[in-house]
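# Quick check, what structure comes out for this input:
(chains A and B)
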Amino acid sequence: MDLNTTGLVAALATFLGIWLGHVAVRKIEYLSPTVWVPALVALCLGLVFEASALLSEDLNLSAALGIFGFTLLWDALEFWRQERRVIKGHAPANPDNPRHARLMATGAPVTAIDWLKRDPQGRPLTSKELQAIQEGTG
Amino acid sequence: MNTFGLFLGIATLLIIGLGFVWVIKGEYYLGYLWWPYIMGLGILIVFGSLFITSYWGSALMGAFGASLVWGSTELKEQAVRAEIGWYPFNPKPKPKPPLYKWIKKIPAPHL
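As a prediction, the model looks like this:
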């Protein structure tokens, strides 16, 4: 019997699109002095992928381009969402990034600490533990 | 013009969006230690998509299966978010998954 590889192609495009976007958005937002430049690049790339998906006669290629393209379009928005996380102190700020340095100077809860780099304890953290993390000793 | 990829891309975006919701709910009610089962289910769904003759059916199954695999790697971080207080922490004890003791010994994946 013939196997239908369209699902497998869609799965790979979805997984790689999310993974790459997840890692790249965090890394680039951390380093980039602007948000709009990488966002514009992701937007343009996404549109190019969608145009190519429309022009592709091959169903599997069209599927891969279409899915990957939409993850890129989502990444464009994610650059701003990532900056919001930095402003809230939920994602680590980069003191060497002038944009982040400005945010840190405003006295907002902006921090270079990565809160999520720990294992779950199975219970809510105590205020003492939270304070220790904030002070960089936890 | 082949609109398959474009519309599939939109559908996939919705499937990924659903992931944001089920990861939060799944961690709240089940806990992150269920990750191997979610991951296994995702892989099974992707495998099953090979046997679906419909292109749309196969593609949607593939995208959904992949989003389950991805989400399974997000559960651990979500558990930390809840423990920090960024998300509600479920005070009720979480159901232990089968093979709980073994799963606890494997580091939960995070990409």
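# switch to C-alpha atoms for all contacts and neighbour counts from now on
OK.
# quick one: buried residues of the least confident helix or strand in chain A by mean pLDDT?
Lowest on mean pLDDT, DSSP states H and E among the helices and strands of chain A sits helix A:127-134, with a mean of 90. Neighbour-count burial for helix A:127-134 flags A:Leu130 (criterion: 16 or more other Cα atoms under 10 Å in any protein chain shown).
# and it, is it in reach of chain B?
Yes: with Cα under 8 Å from any Cα of the partner chain as the measure, helix A:127-134 is seen reaching chain B through A:Leu130.
# Mind giving me the packing neighbours of the longest helix anywhere in chain A?
The residue-count maximum for a helix in chain A (DSSP state H) belongs to helix A:59-88. Counting contacts by 3 or more Cα pairs under 8 Å, 6 or more residues apart in numbering or on different chains; DSSP states H and E, helix A:59-88 packs against helix A:6-31, helix A:36-55, helix B:4-29.
# re the thing from before, quick one: the least confident helix or strand of chain A to chain centroid distance?
26 Å (Cα atoms, centre = their mean, to the nearest Å).
# Then stretch A:92-106?
That offset, for stretch A:92-106, works out to 18 Å (Cα atoms, centre = their mean).
# what sits up against that stretch?
A:30-34, A:86-87, A:110-115 (Cα atoms under 8 Å, 6 or more residues apart in numbering or on different chains).
# So which bits of that stretch are buried?
A:92-95, A:97, A:99-100, A:103-104.
# Just the closest of those to chain B, please.
A:Pro92 (14.2 Å; Cα to the nearest Cα).
# Could you report the separation of the spatially closest residue to the closest one that is not a sequence neighbour from A:Ala24?
Distances taken as Cα to Cα, 6 or more residues apart in numbering or on different chains put A:Ala112 closest to A:Pro92, at 4.5 Å, once the chain neighbours are dropped. In this view, A:Ala112 and A:Ala24 are 18 Å apart by Cα to Cα, to the nearest Å.
# out of these two, which sits in the busier spot?
Of the pair A:Ala112 and A:Ala24, A:Ala112 is the one with more neighbours under other Cα atoms under 10 Å in any protein chain shown, namely 17 against 14.
# Now do the same for that one: helix, strand or coil?
coil (DSSP: H, G, I helix; E, B strand; the rest coil).
# residue contacts, it?
A:91-95.
# A:Glu29: what's its closest spatial neighbour, skipping adjacent residues?
Nearest to A:Glu29 is A:Phe79, by Cα to Cα, 6+ apart, at 6.2 Å.
# Double-check the one you found against A:Ala39; I have them as touching.
Yes: between A:Phe79 and A:Ala39 there is a contact under Cα atoms under 8 Å: 6.1 Å.
# who has more neighbours, those two?
A direct count of neighbours by other Cα under 10 Å for A:Phe79 and A:Ala39 places A:Phe79 higher, at 26 against 23.
# Please name the residues that touch the more buried one.
A:25-26, A:29, A:35, A:38-39.
# mind redoing it with 10 Å?
Counting by Cα atoms under 10 Å, 6 or more residues apart in numbering or on different chains, A:Phe79 touches A:21, A:24-26, A:28-30, A:34-40, A:42, A:85.
# and if you look at A:Ile113?
A:89-94, A:133-136.
# Kindly report the same for A:Pro109.
So A:Pro109 contacts A:86-90, A:103 (Cα under 10 Å, 6+ apart).
# And those residues, which is closest to A:Ser56?
Comparing those against A:Ser56 with Cα to Cα places A:Val86 closest, at 39.1 Å.
# so how far is chain B from the closest one?
A:Val86 sits 14 Å away from chain B, taking Cα to the nearest Cα, to the nearest Å as the criterion.
# Would the helix or strand hosting B:Tyr37 count as contacting chain A?
B:Tyr37 is part of helix B:35-49 when elements are defined by DSSP states H and E. Yes: for helix B:35-49, a contact with chain A is found by Cα under 10 Å from any Cα of the partner chain, at B:42-43, B:45-49.
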